[in-house]
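Trainee: all I have is the shape, not the residue letters:
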């Protein structure tokens, strides 16, 4: 089935928010044999929404709309869809009751305009909303399927998972499955070059590369017919690519570098402490996004000032005076110092110049040192990064996770 | 002028990446009198791209395409646009030279397929690319304007700013101007309620609210005709709203809470140190996104373990034993301890349960204490947050910045 996503909302057309709903839905639909061919965004304007909906119904089997189901006068998706499909909006008593209960639970009065949300197109399938007041619905009409969901992602996503995905599961006669091979430490063109024959010779699965801030991802997508005895056609290709690229491949399950690293630390009970300067807490913040990390993450010291480097990390005054805060020597002492203070298996450190100010001809913006110490040995990477403050901090964090990952896997830490 | 953005790329339709280009362009075009009425996304498929382009040319004055200008066989935007507009692609010697220089600078060989990128539609205006190899272009044809830009945001954005924005500036006979009033500490419905009469009575400027993770933003948008003597029609409305809402308004210039807070710290030379537990470095990472912050930010201690809380922050063992790590008492000692260790004007602390594990009936997931100490007085907020780990950490960080902002402004710290 061919699908089109129509996101309704002037805030999208004004660029106030990014369209994460379209991304989420696009990512999930192929799993149930629905291919997204188009995404559209239109404002809270009935005329233009009607036009978009007619175009979508003309070229797609499935149209999924998000947004415009709220209680205010702006919210016109349901009314407009019903007009195009020639359906009546009828009060749904069940939805009304759920809404009343919701307001009771939240201990808030239900206002008159909320009742509008309990009206649904006649004959439609209700999509329940456990995280908000606006229910969604699925309409089957003239061989087309139209789905309406609310705009807030924290409402839309559970509704999509709980009702919409199971709904489509029944129809699909094939499904797409993707694996994402994630790579750090090799550029996009080098990756493409190494596997160009594999890319060129494949029709199922297909392979597509893309790059972002020092990382490269290969999407490997296979099409499976339903009912067919399912030989796994992805795994051999993934294995072939992994063998070709080597240990720069850090995940074939679309995990982030910090997820992979955190899992390795937790699985191996390898405790870690962190000393950050120019990344200012970013490495720790990313690592602690992973639930359960407190098992192995002991502490971090964000030592912006030289005093903090000396007091908490035992960096020597001579080292700072002789080599400067941004130096291999300081990075090494920071990693060793934090490891000692925290009594962890490994200590890692980051010191550098993230910019925009602070650079000199000898030590330009983008010069970063990251070190890893295990008490016996200390490894250090010197990075020369380009880009703005945000990019420099991000690529630095990637490098730290890469060092830890390689250490945990007993690979050469510096590649 | 009415514009439509067409983003070309199968990676968007697969949900691998979020369409930040459409958001960026949508946000900027109104500044030069161009209104975005539609956004579309289509894969790297000439047939469907042709169809989308024809629809766009039929209903919009300006069509901006991003993506599909790369060197590979997938990249077909230019070829397809030329077919629809009946233009020839011709080799542009200037672009070819720029590209050769680029590869020389990067010390990489230029491959044959890169030359394809130097072909541009006849008679088009070149949009130079300082950050990559694919130039963009602007085509004026039959009263329509078609702009093509590469997909990578770090290439697209500077090209858009340097060439596309000045290009449109010449045409526009009006412009839209928006102010964004940003609010923390009051819910969306309370905000809307307090200013409902202002919203209802306004036609120019218009006012639209939206909410995200504990923050509310009001967009105030005015339309100015070019040449007209420009009385500022936004400022009085912004002032009226500010007066109505009071000190929960933290910015009228669309700054983030951390930007506003960082600026206040820097302007007042108020030095700060941070002790984080459940936020794991997020508060420090966000604060240090702001260039120049090293002037006032001394250090942070991410004290996940009780040992770290005692060693670096001087939290008493009795306090931890009696009240637990997640308690008002511990938060207070952490804030006082980090301030003392760092010898800064203020110290702030965070301790809580971000989940998903670790909650108990007495101390559920979402219970967070944040404290601020100035050596004389210590303030503490007890938060009861809902949502997942990511949301709890984010809203906690907002609260910390809000406390610091209010302290720096000599407002009651706890509202």
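Mentor: Received it, and whenever you're ready, just let me know what you need. Please read these numbers as outputs of a predicted model, since none were measured by experiment.
Trainee: tell me the secondary structure for residue A:53?
Mentor: helix (DSSP: H, G, I helix; E, B strand; the rest coil).
Trainee: that one against residue A:83, yeah?
Mentor: No. The pair residue A:53 and residue A:83 fails to qualify as a contact (Cβ atoms under 8 Å) at a distance of 9.4 Å. For the C-beta atoms, the positions are set from N, CA and C on the backbone; glycine is no exception.
Trainee: so the two - more neighbours on which side?
Mentor: In terms of neighbours (other Cβ atoms under 10 Å in any protein chain shown), residue A:53 is the more surrounded of residue A:53 and residue A:83; the figures are 24 against 15.
Trainee: which residues does the more buried one contact?
Mentor: By Cβ atoms under 8 Å, 6 or more residues apart in numbering or on different chains, the residues touching residue A:53 are A:6, A:63, A:65, A:80-81, A:84.
Trainee: tell me the contacts of residue A:103?
Mentor: Residues in contact with residue A:103, defined by Cβ under 8 Å, 6+ apart, are A:109-110, A:114, A:133.
Trainee: kindly state the beta-bridge partners for the closest residue to residue A:52 other than its chain neighbours.
Mentor: In space, not counting the residues next to it along the chain, residue A:52 is nearest to residue A:42; the distance is 4.8 Å by Cβ to Cβ, 6 or more residues apart in numbering or on different chains. Residues in a beta bridge with residue A:42, per DSSP bridges, are residue A:8, residue B:38.
Trainee: residue A:42 contacts residue A:19, correct?
Mentor: No. Look at residue A:42 against residue A:19 with Cβ under 8 Å: they stay out of range, at 11.7 Å.
Trainee: what's the overlap in contacts for the two?
Mentor: Residues touching both residue A:42 and residue A:19 comprise residue A:7, with contact defined as Cβ under 8 Å, 6+ apart.
Trainee: so what touches stretch A:371-390?
Mentor: Contacts with stretch A:371-390, where a contact means Cβ under 8 Å, 6+ apart, come from A:328, A:331-332, A:334-336, A:339, A:345-349, A:352, A:354-356, A:364, A:366-370, A:391-392, A:395-396, A:399, A:403-404, A:407, A:413-414, B:154, B:289, B:291.
Trainee: now the residues you listed: which count as buried?
Mentor: Of the members of those, the ones counted as buried by neighbours, 16 or more other Cβ atoms under 10 Å in any protein chain shown, are A:331-332, A:334-336, A:339, A:345-349, A:352, A:354-355, A:366-370, A:391-392, A:395-396, A:399, A:403-404, A:407, A:413, B:289.
Trainee: take those and keep only those in strands.
Mentor: The members of those that map onto strands under DSSP state E are A:346-349, A:352, A:367-370.
Trainee: now pLDDT and distance to chain B too, for those residues, in a markdown table please.
Mentor: As requested, these are exported to a markdown table (pLDDT from 0 to 100; distance: Cβ to the nearest Cβ, whole Å):
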| residue | pLDDT | distance to chain B |
| --- | --- | --- |
| A:346 | 98 | 15 |
| A:347 | 98 | 13 |
| A:348 | 98 | 13 |
| A:349 | 98 | 14 |
| A:352 | 97 | 12 |
| A:367 | 96 | 16 |
| A:368 | 97 | 14 |
| A:369 | 98 | 17 |
| A:370 | 98 | 16 |
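Trainee: closest one of the contacts of residue A:53 to residue B:127?
Mentor: Ranked by distance to residue B:127 (Cβ to Cβ), these are led by residue A:6 at 29.9 Å.
Trainee: residue A:398 reaches residue A:216, doesn't it?
Mentor: No. The criterion here is Cβ under 8 Å, and residue A:398 misses it with residue A:216 at 11.5 Å.
Trainee: neighbour count winner among the two?
Mentor: Here residue A:398 and residue A:216 are set side by side on neighbour count (other Cβ under 10 Å), and the busier one is residue A:216, at 23 against 20.
Trainee: now the more buried one. Its backbone dihedrals?
Mentor: Per-residue torsions, residue A:216: phi -120, psi 140 (degrees, to the nearest 10).
Trainee: do you know how far it is from chain B?
Mentor: 12 Å (Cβ to the nearest Cβ, to the nearest Å).
Trainee: quick one, what contacts that residue?
Mentor: With contact set as Cβ under 8 Å, 6+ apart, residue A:216 has these partners: A:182-184, A:186-188, A:191, A:209-210.
Trainee: coming back round to it: what do residue A:398 and residue A:216 both touch?
Mentor: Jointly contacting residue A:398 and residue A:216 under the rule Cβ under 8 Å, 6+ apart are residue A:184.
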